[in-house]
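Trainee: pasting the sequence and the predicted coordinates here, then a few questions.
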There are 2 protein chains.
Amino acid sequence: MKTWDPSIDLDRSSHVPLPLQLAHALARDIRAGRLRPGQVLPSSRQLARVLGVHRNTVVAAMDELKAQGWVESARASHLAVAAELPASSAPAGGRHADAIGFSLPARRLASRGFEAAPRGVLDFTGGLPDPRLLPASVLARAYRRALKKGGSAVLGFSDPAGHPRLRAAIAAMLRTRRGLDVAERDVLITRGSQLAHHLIGLALFERGDVVAVESPGYPSTREGFALVGARLAPVPVDRHGLDVEALARLLDRRRVRAVSVTPLVQDPTTATLSAARRLQLLDLARRHRMAVLEADYDYEFQFDGAAVQPLAASDHAGVVVYVGTLTKALGAGLRLGFVVAPSRLRDRMLEARAVVDRQGDAALELAVAELLEDGELLRHAWRARREFQRRRDVLVAALRRRLHDVVELDVPRGGLALWVRAPGVDVDAWAARALAGGVRFFTGRHYQPSGRPLRALRLGFAHLDAAELERAVEVLARTVLG
Amino acid sequence: MKTWDPSIDLDRSSHVPLPLQLAHALARDIRAGRLRPGQVLPSSRQLARVLGVHRNTVVAAMDELKAQGWVESARASHLAVAAELPASSAPAGGRHADAIGFSLPARRLASRGFEAAPRGVLDFTGGLPDPRLLPASVLARAYRRALKKGGSAVLGFSDPAGHPRLRAAIAAMLRTRRGLDVAERDVLITRGSQLAHHLIGLALFERGDVVAVESPGYPSTREGFALVGARLAPVPVDRHGLDVEALARLLDRRRVRAVSVTPLVQDPTTATLSAARRLQLLDLARRHRMAVLEADYDYEFQFDGAAVQPLAASDHAGVVVYVGTLTKALGAGLRLGFVVAPSRLRDRMLEARAVVDRQGDAALELAVAELLEDGELLRHAWRARREFQRRRDVLVAALRRRLHDVVELDVPRGGLALWVRAPGVDVDAWAARALAGGVRFFTGRHYQPSGRPLRALRLGFAHLDAAELERAVEVLARTVLG
């Protein structure tokens, strides 16, 4: 073996410090066999001279290599390559980020969705509130107080079911405003309703279990169930919500572990499940011992008439698992959801949570509990509701004025989106033209379990102001014909 | 059918508002068939008189029932029970929180763990930092700035891979301090390393895949893999870390999708994986196309000598998936972890994340990015490290002074826990006596995939100050003999 040639290229413009570069280069030479086990290395002084670096750089590199076991002390102050290194055939050179050295199952897990819209695009996707309306300073103050007063209870490990103050505040809200007979211990806090559904899926479904889902319906819910091994059975939705007769026929044929519904304002069609169907659904669930997964994401945004109560308020048989969210009142970025479930399911969900994400953000939970307790959060939601109702009315009027000959719509009783049918239009082509014109929306296809076209658009209006809505409808009108 | 008797018991001391109580009672009577479809109801004035409530209470209750479709307008100003209600046999009466009306698979999902210690107990479980050391006011100010400046970008939907500023700051830290050749796009932010492992499990494992885990090892990691359907293959750990020869023999017999390791400071034994084994492990992985899931949770808390670099820094074949955490620098309650993975796996993890919890807390991510950028977070970690080293030394000295005849220990090169072997002691009985005396710790059994006894204790010391540690060791000494 020839003598080692210590001429190493060091890149002084690199973000990697010189000692690390040098250590990597030496380790590479050891791995590649250019330095053999036991071989004594030149002194740090010699190496520094050859490489044209400060001696401290070499000393730091050698400390690193020693710590990693590549080199060890030899005679006098000299170092040698460690004697017990195995031969290695690993190729030298940095790893490229696209390199993958292991096999990966070939399957797509979910559709991702919700890519941010290009800058300047008026975006109707998602039924989200307007972050510009949130009193960020009020939240920031509450968060500071929570960090300060909460101490170890919010900065250390905490209850995976959520901060007790937030659980109590949500239980109180559910009792007084939504007719649910619940106490603090019945409420499990999650990171938005998405995590709530994931935990339900992990706790409730065994591989191959059938779960009935709305068709059209919210893609992330059903994709989350599929991810944990459930089989999806789509059930049609009409203008009175889920077709419960169709569900009954499904139940005659198959064992169904659960049905996932959005009874208040169906996502995406905005239909409200009729009273007759509510009764029928609860009755079916009870008789078939099927769980009803009720997602009630827009309760605080009912605009017309008295509030419709959740299914959970009429559940005497313990069949309903109730999922709610504060995201619509706070903003999508502050992910706080909650679940009310029979205690045996809740316990399982807590087991799952321990290995999914351990616990929530107790400081944020405590801050929001305070905003709920002093009424600030609901006052904000009500102020926002008035503004959202105005925006909805602006959008409905503009659509009727500019597109009355091509679209049909029912004004929904609540929620932050409109469902607009366009029976004579190729809506997917329309969506492409509208996007080129600066307006984005999802068409019915996005919500179909089958992925087949559906001649409707969903327009989430709450984060656009009146002027933006008028402009967006102008673009829709201009692009409806190819 | 006899005439309806509207004598309803209303509970004025209840937390449920009177109109809701009344609405529920009427709906119950309708469901129970005491009011038949189409039947005209008494006027609100009559009902108010009979029930002894204000007329507005009745009107509000009727609005609620109308909204829910239970009643509809009839002749004059009278209301009638809706005509199209189906008969229902649902029993009346409120649901008990323990009632469950659907079937649940019979299996335990995980062990939960980390129940809070009873008040006043000196707690050695968990290798966690001391929340009392965190500069909460600095974090609170950064959070306020993030909410204020971040606007829609932190309050609305954001990138599920994490805030770009935090990804860039972590990439810079990994390049300059840990020798990883990574850019912003290579880093995926998660809610602590627990969620990182869950997303890896969802993206990487197919049902029945074998994953090699350390034995003893961290329970939540392996339970998380089991939850998503992986089969666990325990591989022994000795004083040089994972027994890579044993892993090689396993690989000769079975296809192994991944091995999960803690090379820097093995959890729980605190052994550092030797340089020879590091090379061997990377080489094995490359040859068998097996992923190496490297959890590097204590990098900033190496006390003695130069820092050992992550396996990922020597990974030229793209076999390592690197998981780190800021939780040890911030506090367990602020859950921020990160993953560096080959891009194809990272894309899959992002698909999974879309349906697990959608995205992280962008405001917190931005706040912490700022603390990383200006060096505040690492300065805090280094201050804390000096304090933790003092605490470790106090604990080691106290154990050697008071328990030298029963325990053996190697002082680890880093990390926030000691692994204390007690070969002649029934440690589980000791743990029970110590808990009665006010000190809690996990024994070796807690970390064993088999659940079998193991004569060792793990003492997480970082969140106890010197006086608390001295007191705790006194209790250990007093309780070691039954």
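Mentor: That came in fine, so what should we check first? Because the structure is predicted, anything quoted here is derived from the model rather than measured.
Trainee: and the longest helix seen in chain A with chain B, contact?
Mentor: In chain A, with assignment by DSSP state H, the single longest helix is helix A:376-403. No. With C-beta under 8 Å from any C-beta of the partner chain as the measure, helix A:376-403 is seen stopping short of chain B, the closest distance being 12.7 Å. Where C-beta positions appear, they are placed from N, C-alpha and C, glycine not excepted.
Trainee: what distance separates that helix from the centre of its chain?
Mentor: Here the centre of helix A:376-403 is set off from its chain's centre by 26 Å, with C-alpha atoms, centre = their mean, to the nearest Å.
Trainee: what's the very next helix or strand once past it packed up against?
Mentor: Going down the chain from helix A:376-403, the next helix or strand is strand A:408-409, by DSSP states H and E. Packed against strand A:408-409 by the contact rule (3 or more C-beta pairs under 8 Å, 6 or more residues apart in numbering or on different chains; DSSP states H and E) you find strand A:417-421.
Trainee: pull the residues that contact the strand it packs on.
Mentor: For strand A:417-421, the surrounding residues in contact (C-beta atoms under 8 Å, 6 or more residues apart in numbering or on different chains) are A:124, A:127, A:267-271, A:392, A:395-396, A:399, A:407-412, A:455-462.
Trainee: who does it pair with, and is each partner parallel or antiparallel?
Mentor: Take DSSP bridges as the rule and strand A:417-421 pairs in its sheet with strand A:408-409 (antiparallel), strand A:456-460 (antiparallel).
Trainee: CA atoms only: put that strand into PDB for me.
Mentor: What follows is strand A:417-421 as a C-alpha-only set of coordinates in PDB (Å, rounded to 0.1, in the frame of the first residue of the first chain):
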ATOM      1  CA  ALA A 417     -69.200  27.900   1.300                       C
ATOM      2  CA  LEU A 418     -71.800  27.700  -1.500                       C
ATOM      3  CA  TRP A 419     -72.500  24.700  -3.700                       C
ATOM      4  CA  VAL A 420     -73.300  25.900  -7.200                       C
ATOM      5  CA  ARG A 421     -74.700  23.400  -9.700                       C
END
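Trainee: tell me which element the residue nearest in space to the middle of chain A falls in.
Mentor: With distances taken as C-alpha atoms, centre = their mean, the residue of chain A nearest its centroid is A:Gln194 (5.8 Å). A:Gln194 is located in helix A:192-204, with elements delineated by DSSP H and E.
Trainee: same deal with A:Ser260?
Mentor: Short version, using DSSP H and E: A:Ser260 is in strand A:258-261.
Trainee: A:Ala341 reaches A:Ile200, doesn't it?
Mentor: Yes. Contact criterion C-beta atoms under 8 Å: A:Ala341 and A:Ile200 qualify, at 7.5 Å.
Trainee: overlap of the contact sets of those two?
Mentor: A:Val321, A:Met349.
Trainee: residues in contact with the residue with the largest distance to the centre of chain A?
Mentor: Distance from the C-alpha centroid of chain A peaks at A:Ala76, with 59.6 Å (C-alpha atoms, centre = their mean). By C-beta under 8 Å, 6+ apart, the contact set of A:Ala76 is empty.
Trainee: that one in helix, strand or coil?
Mentor: Under DSSP: H, G, I helix; E, B strand; the rest coil, A:Ala76 falls in the coil class.
Trainee: how much space between it and A:Ala171?
Mentor: Between A:Ala76 and A:Ala171 the computed distance is 74 Å (C-beta to C-beta, to the nearest Å).
Trainee: scan chain A for its longest strand.
Mentor: The residue-count maximum for a strand in chain A (DSSP state E) belongs to strand A:231-238.
Trainee: what strands flank that strand, and is each parallel or antiparallel?
Mentor: strand A:210-215 (parallel), strand A:241-242 (antiparallel).
Trainee: just name the most buried of the ones you listed.
Mentor: strand A:241-242 (a mean of 26; mean count of other C-beta atoms under 10 Å in any protein chain shown).
Trainee: strands along the stretch 51-200 of chain A, start to end?
Mentor: Counting by DSSP state E, counting those that start in this stretch, one finds strands in the stretch 51-200 of chain A at the ranges A:71-73, A:79-81, A:122-123, A:187-190.
Trainee: list of residues touching the last one?
Mentor: By C-beta under 8 Å, 6+ apart, the surrounding residues in contact with strand A:187-190 are A:161-163, A:166-167, A:170-171, A:174, A:196, A:199, A:336-341, A:346, A:349-350, A:353, A:360, A:365.
Trainee: ok, and the closest non-adjacent residue to whatever residue of the stretch 1-150 of chain A ends up closest to chain B?
Mentor: Of all residues in the stretch 1-150 of chain A, the one sitting closest to chain B is A:Gly69 (2.4 Å; C-beta to the nearest C-beta). Nearest non-adjacent residue to A:Gly69, counting by C-beta to C-beta, 6 or more residues apart in numbering or on different chains: B:Ala275, 2.4 Å away.
Trainee: the one you found touches A:Glu72, doesn't it?
Mentor: No. Assessed by C-beta under 8 Å, B:Ala275 is found out of contact with A:Glu72, at 9.5 Å.
Trainee: overlap in contacts, those two.
Mentor: Contact criterion C-beta under 8 Å, 6+ apart; residues shared by B:Ala275 and A:Glu72: A:Ala82.
Trainee: higher neighbour count, those two?
Mentor: Comparing B:Ala275 with A:Glu72 by other C-beta atoms under 10 Å in any protein chain shown, the one with more neighbours is B:Ala275, at 25 against 15.
Trainee: which residues does the more buried one contact?
Mentor: Residues counted as contacts of B:Ala275 (C-beta under 8 Å, 6+ apart) are A:Gln68, A:Gly69, A:Trp70, A:Ala82, A:Leu85.
Trainee: residue ranges with poor pLDDT in the stretch 51-200 of chain A?
Mentor: A:85-97, A:112-115, A:127 (pLDDT under 70).
Trainee: 80 instead?
Mentor: For the stretch 51-200 of chain A, applying pLDDT under 80 flags the ranges A:64, A:67-69, A:75-77, A:83-98, A:105-108, A:111-117, A:126-135, A:150-153.
Trainee: mind listing residues that contact stretch A:213-222?
Mentor: Stretch A:213-222 is contacted from outside by A:110-111, A:113, A:194, A:197, A:211, A:225, A:232-237, A:242, A:259-262, A:266-269, A:295, A:444, A:446-450, A:454, B:354-355, B:358, using C-beta under 8 Å, 6+ apart.
Trainee: what's the nearest residue in the stretch 201-350 of chain A when you look at chain B?
Mentor: A:Ala275 (2.6 Å).
Trainee: coming back round to it: wait, the residue of the stretch 1-150 of chain A closest to chain B touches B:Ser274, no?
Mentor: Yes. A:Gly69 is within contact range of B:Ser274, at 5.9 Å (criterion: C-beta under 8 Å).
Trainee: can you give me the domain assignment for chain A?
Mentor: Here the domain parsing of chain A from automatic domain parsing is A:18-98, A:111-132+A:383-479, A:134-378.
Trainee: from one end of the shortest one to the other, what's the distance?
Mentor: Think domain A:18-98. By C-alpha to C-alpha, to the nearest Å, the extent of domain A:18-98 from end to end equals 26 Å.
Trainee: same check on the second one?
Mentor: End-to-end distance of domain A:111-132+A:383-479: 27 Å, with C-alpha to C-alpha as the criterion.
Trainee: the last one too?
Mentor: Across its full length, domain A:134-378 reaches 12 Å between end residues, using C-alpha to C-alpha.
Trainee: ok, now stretch A:100-111?
Mentor: Across stretch A:100-111, first to last residue, C-alpha to C-alpha, it's 22 Å.
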